[in-house]
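> Generate a structure from the sequence data that follows.
(one chain, ligands or ions: 2)
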Amino acid sequence: MRTGIATVCLSGTLKEKMQACAIAGFDGIEIFEQDLVTSPLSPEQVRGMAADLGLDLDLYQPFRDFDGVTPDLLKANLRRAEAKFALMSRLGMDTILVCSNVATATIDDDGLRAEQLAQLAGLAGDHGINVAYEALAWGKYVNDYEHAYRLVEMVDHPNLGTCLDSFHILSRDWETSHIEAFNPEKIFFVQVADAPKLSMDVLSWSRHYRVFPGEGQFDLAKFMGHVVRAGYTGPVSLEVFNDVFRQSDVERTAVDAMRSLIWLEEQSAQWLAGNAPEGTPAAGGAHRRRYPMELATLPKVNEPAGFNFAEVKADDTAQLEKLLGQLGFEFEGRHRTKDVQLWTMGQARVIINEQAASHTEPSIAALGFDVDSPVIASARAQQLKAPVVARKVQADEEVFQGISAPDSTEIFLCQGSPDGTAAWTHEFGEGLEHHGAGTSAVIDHVNLAQPWQHFDEAVLFYTSALALEPQPFAEVPSPSGLVRSQVMETTDGAVRLVLNLAPVQQASGHKTYQEHIAFAVDDLVATARAARDRGLDFLQIPANYYEDLDARFDLEPGFLATLKELNLLYDRDADGEFLHFYTATVGSVFFEMVERRGGYNGYGAPNAPVRHAVQYDSLHP
Ligand SMILES: O=C(O)c1ccc(O)c(O)c1
Ligand SMILES: [Mg+2]
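Ligands and ions are numbered 1, 2, ... in the order given. Below you'll find the predicted structure:
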C-alpha cells in the first residue's frame, strides 16, 4: 500500500512538515494550498526538496466551488483553474483535488455540472493534469460519493476521476460496498480519516475532530476492503483536520500518523480475509484472493492475558511502602542486582523502583503485560514504530521486551504462565522466606493520566501494539474541568487500562494529574477493615454521597452504614455490583481496591466525580 499524508495534518512550516513526513517514512504527500502560499520556498524549491526527501507530491488541494455555477462564474473559475495547473507543472504535480461546490453553486442540474466539469477536464488535459472530484459531506448539491462518481461517469474524460474521502462517506453513513462497482481507473485518489462519533454539524466535525485511523470509531478496514476490491492501487493518504495535531510536535505526529496507516493496512487485509465476496472460495486459505493493491501484514498478537506487574518509582519510597503494607501487600524482598523491591498480594505484583535521581515524585513508571510471545509482540510493536526501552539485564535474569508508550510509561511484554505466576520473582528476596498465597488479589485495572497532546496517539498505540479494544469515551466532571476518560480493555476484561485526559494544569502550580493502580480482591469489606486497622489513610468520602447512594439504590441500612464507616463507594447495574475504595495520593499515585460481584464490568463511573472532587479538595486545602 502506498502511504500518503496531507500537509494540513501537521504543525509547522511546509519545510518542517515535509521533513517530518520523510522521517516517518511516508511515500508521498498532499500539498495543502495554504502551506504553499505561505511558504518562502518557490515551487521549484519545493519540488527539489521533495525529490531529495524521497517524497512523491501526490495531490494538490483544495480547489473549491467550481461546479454548478452561472456562465460568468464558470469563466472566472476556469481562469483560476488554469493558474493552478500552471503552478502544478512547476511543482511537478499531476493531480488536483476539486471539492464539490459548497458556496457559489446556484444551479442544481447534473447535466450542467457534467458539462462544466467536462470543460475543466479538457483544460486539465491540456496541461497534463488530472482532476479528482470529491463530494464534501456538506456540498450544496453534491454531497454523496456516488453522486460525484456518477458525474465522473457522465463526463467520461480521461482527465476526470473521483477522490474518495472516508470522512465524507462515513460521517454521512453512506453504504460503502458500492465502491466495489467503481471503475478503478476512475478512482484518482483515496483519503482516509477516522473520527469519534459526535452529534454535531458535519463541517465542524470534519474541520476539528478528525483523527488518524484507529483513534476514532469509523469502520475504516471495511471502507478500505471495498476500495481494494474495486482494484484501486494509488496512494492511501491521511487527511486529518485536528486542532490538537496541528499544534503538536510535528515529527511525533507524523510517526503517529504512519503508525495508523501501518495498522490500517493490516486491518484491511484481515477484513478482506474474513469477508470473502459471495461465490468465491473462503478467504485466508490456499485460495486467498490477490488484489492489485498489495497489503502488508504484521506479526500477530492476541490480547494480553493479564497484567504481569506494575512498577512505581520514587526517590523516597517510604510512603509507597507504607501504603502497600497497609493495604495488605507482602514485601518479597529486593532484587539481586537492581534497586527495586517486590511487593505482592496474591497475584498482584508491584515493583517499587528506588530512583537514584532526587526529586522523583512517586509515579507509575512501567506496566508488564502477559503475552503469548514477548518476541513476536515486540516485533509487532517495533514495526508499528514504538520506541524500544533498554533495560539492563545481568546473567540469569529474565530479559524483558520493552516499548515506550506515548506518555513515556514503559510497557513490558512478559511471558505469561497458565497459573498466573511470574518466573522473574525469584530474582527477588534471596534468602528471604516467601510467604506466597495470602489473600487472593489481581491487578484489576490501571488508570493512566495522558498529556492532552498525546491522548489520541495513546489510544492507537494500545489498540495497535497491544490489541486492546477502545470503548466509547466518557467525560467525567471534576472541579478542574471535564476529564475525558477512555477505557481500553480485552474482551475478557483480564486487562483493563483507563486513559484519562487530565485537564490542563492549573496556575496554582499544584500537580493536578493523578493516576492509579486498582487491585481486585474477593472481600472488599474485610480488606478495608484490615487496612483501617493498619492505619491506612483512606480517601474520605463526603456524607452527601451516601445519602445520594441510598436515594438511588435503596440499600439495606446496615450495608449502607458499613460503606459509610469504611469510606467505600458502591455501584450496581443489571449485571452485578461494584465496591471500591481509594487511598490518599502520594506524588501522583494512589491505589484503589475493588470487588466485582456478579458480572459487573464497569469502573464505578458514577463515583468518579466524587473521587475527583475529594482529591481536588485535598490539593486545595
Ligand atoms: O474542509 C474542507 O473544506 C475540505 C477540503 C478538502 C478536502 O479534501 C476535504 O476533505 C475537506
Ligand atoms: Mg478530503
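> Taking this structure, what residue is nearest to ligand 1?
Pro62 (3.8 Å; Cβ to the nearest ligand atom). Using the backbone N, CA and C atoms, a C-beta is placed for each residue, glycine as well.
> Give me the distance from the biggest helix by length in the chain to the chain's centre.
As assigned by DSSP state H, the longest helix anywhere in the chain is helix 250-274. Put simply, helix 250-274 sits 11 Å off its chain's centre (Cα atoms, centre = their mean, to the nearest Å).
> which stretches of the stretch 351-500 of the chain form helices?
Per DSSP state H, counting those that start in this stretch, the stretch 351-500 of the chain carries helices over the ranges 374-383, 455-466.
> cool, the stretch 51-200 of the chain as well?
Listed in chain order, the helices of the stretch 51-200 of the chain (DSSP H, counting those that start in this stretch) span 71-91, 110-126, 145-155, 166-170.
> which residues are contacting the third one?
With contact meaning Cβ atoms under 8 Å, 6 or more residues apart in numbering, helix 145-155 is reached by 100, 110, 113-114, 117-118, 121, 133-135, 142, 160-162, 164, 168-169, 174, 178-179, 182-183, 186.
> Contacts only, for the residue of the chain closest to ligand 1.
Neighbours of Pro62 in contact, by Cβ under 8 Å, 6+ apart: 32-33, 97-99.
> Turn the residues you listed into CSV, columns for distance to ligand 1 and pLDDT.
Putting the contacts of Pro62 into CSV (distance: Cβ to the nearest ligand atom, whole Å; pLDDT from 0 to 100) gives the following:
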residue, distance to ligand 1, pLDDT
Phe32, 8, 98
Glu33, 10, 98
Leu97, 5, 99
Val98, 9, 98
Cys99, 5, 98
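> Looking at the helices of the stretch 351-500 of the chain, which is nearest to ligand 2?
helix 455-466 (19.0 Å; Cβ to the ion).
> What residues sit buried inside stretch 173-183?
For stretch 173-183, burial by neighbour count (16 or more other Cβ atoms under 10 Å) applies to 174, 176, 179, 182.
> Next to ligand 1 in this structure, residues from the protein, please.
61-62, 97, 99, 134, 136, 165, 206-207, 239 (Cβ under 6 Å from any ligand atom).
> how about the strands of the stretch 101-250 of the chain, start to end?
Taking DSSP state E, counting those that start in this stretch, the strands of the stretch 101-250 of the chain run over residues 130-134, 160-165, 187-192, 235-238.
> Could you dump these into a markdown table and include mean pLDDT?
Listed next are these as a markdown table, based on pLDDT from 0 to 100:
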| stretch | mean pLDDT |
| --- | --- |
| strand 130-134 | 99 |
| strand 160-165 | 99 |
| strand 187-192 | 99 |
| strand 235-238 | 98 |
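> Please identify the residues of the chain in proximity to ligand 2?
Neighbours of ligand 2 within the chain, by Cβ under 5 Å from the ion: 165, 191, 239.
> any idea which of those has the most stuff around it?
Tallying neighbours with other Cβ atoms under 10 Å puts Glu239 at the head of those, with 28 neighbours.
> How about Lys140: what's its closest non-neighbour residue?
Ala105 (4.7 Å; Cβ to Cβ, 6 or more residues apart in numbering).
> Report the contact partners of Leu264.
Leu264 touches 192, 213-214, 220-221, 224, 236, counting by Cβ under 8 Å, 6+ apart.
> Ser485 is nearest to which of the helices of the stretch 51-200 of the chain?
Among the helices of the stretch 51-200 of the chain, the nearest to Ser485 by Cβ to Cβ is helix 166-170 (24.5 Å).
> Per the annotation, how does this protein divide into domains?
Domains of the chain are assigned by automatic domain parsing as 2-274, 306-619.
> now those domains in TSV, with distance to Arg289?
Formatted as TSV, the domains of the chain follow (distance: least, Cβ to Cβ, whole Å):
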stretch	distance to Arg289
domain 2-274	8
domain 306-619	24
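> Grab the nearest non-local neighbour of the residue of the chain found nearest ligand 2.
Using Cβ to the ion, the closest approach of the chain to ligand 2 is made by Asp165 at 3.5 Å. Of all residues not flanking Asp165 in the chain, Gln191 sits nearest, at 4.1 Å (Cβ to Cβ, 6+ apart).
> is it true that the one you found touches Leu238?
Yes - judged on Cβ atoms under 8 Å, Gln191 makes contact with Leu238 at a distance of 7.3 Å.
> Now the common contact residues for the two.
Common contacts of Gln191 and Leu238 (Cβ under 8 Å, 6+ apart): Ala6.
> how far away is Glu361 from Thr585?
10 Å (Cβ to Cβ, to the nearest Å).
> So which of the two has more stuff around it?
Thr585 (21 against 14).
> Might one say that Glu595 is in contact with Phe519?
No - the pair Glu595 / Phe519 is not scored as a contact, 10.1 Å apart, by Cβ under 8 Å.
> Return every residue with contacts to both of those two.
Common contact partners of Glu595 and Phe519 (Cβ under 8 Å, 6+ apart): none.
> can you count the residues close to the nearest residue to Leu566 once chain neighbours are set aside?
The shortest distance from Leu566 to any non-neighbouring residue, by Cβ to Cβ, 6+ apart, is to Ala528 (4.3 Å). By other Cβ under 10 Å, the residues close to Ala528 number 25.
> and if you look at Thr95?
For Thr95, using other Cβ under 10 Å, the count is 23.
> Against Phe428, how distant is the spatially closest residue to Arg334 that is not a sequence neighbour?
Setting aside the residues directly before and after it, Arg334 is nearest to Gln341 in space (Cβ to Cβ, 6+ apart), at 5.4 Å. Separation of Gln341 from Phe428 (Cβ to Cβ): 8 Å.
> which regions of the stretch 301-450 of the chain sit below the pLDDT cut-off?
Within the stretch 301-450 of the chain, the ranges that satisfy pLDDT under 70 run 392-395, 433-438.
> just so I have it, where are all the strands in it?
Remark: strands assigned in the stretch 301-450 of the chain by DSSP E, counting those that start in this stretch are 306-314, 330-334, 340-345, 348-354, 363-371, 388-389, 401-404, 410-415, 441-450.
> picking up where we left off before, most tightly surrounded among the domains of the chain?
Ranked by mean neighbour count, the domains of the chain are led by domain 2-274 with a mean of 20 (mean count of other Cβ atoms under 10 Å).
> list the contacts for Pro387?
Here Pro387 is in contact with 403-404 (Cβ under 8 Å, 6+ apart).
> could you redo the helices of the stretch 51-200 of the chain as TSV and give each row distance to Ala423 and mean pLDDT?
Shown next, in TSV, are these (distance: least, Cβ to Cβ, whole Å; pLDDT from 0 to 100):
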stretch	distance to Ala423	mean pLDDT
helix 71-91	59	98
helix 110-126	66	98
helix 145-155	54	98
helix 166-170	45	98
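> Those helices: which one's closest to Ser378?
Nearest to Ser378, of the helices of the stretch 51-200 of the chain and by Cβ to Cβ, is helix 166-170 at 30.8 Å.
> same for that closest one, what does it pack against?
The contact analysis (3 or more Cβ pairs under 8 Å, 6 or more residues apart in numbering; DSSP states H and E) places helix 166-170 against strand 187-192, helix 220-230.
> coming back round to it: in this structure the residue of the chain closest to ligand 2 contacts Ala132, no?
No - counting by Cβ under 8 Å, Asp165 does not reach Ala132; the two are 9.9 Å apart.
> Could you confirm Ile23 falls within a strand?
No - the assignment for Ile23 by DSSP: H, G, I helix; E, B strand; the rest coil gives helix, which leaves it out of any strand.
> Find the residue closest to it in space, skipping its chain neighbours.
Nearest-residue entry for Ile23: Glu251, 5.9 Å, with adjacent residues in sequence omitted and distances by Cβ to Cβ, 6+ apart.
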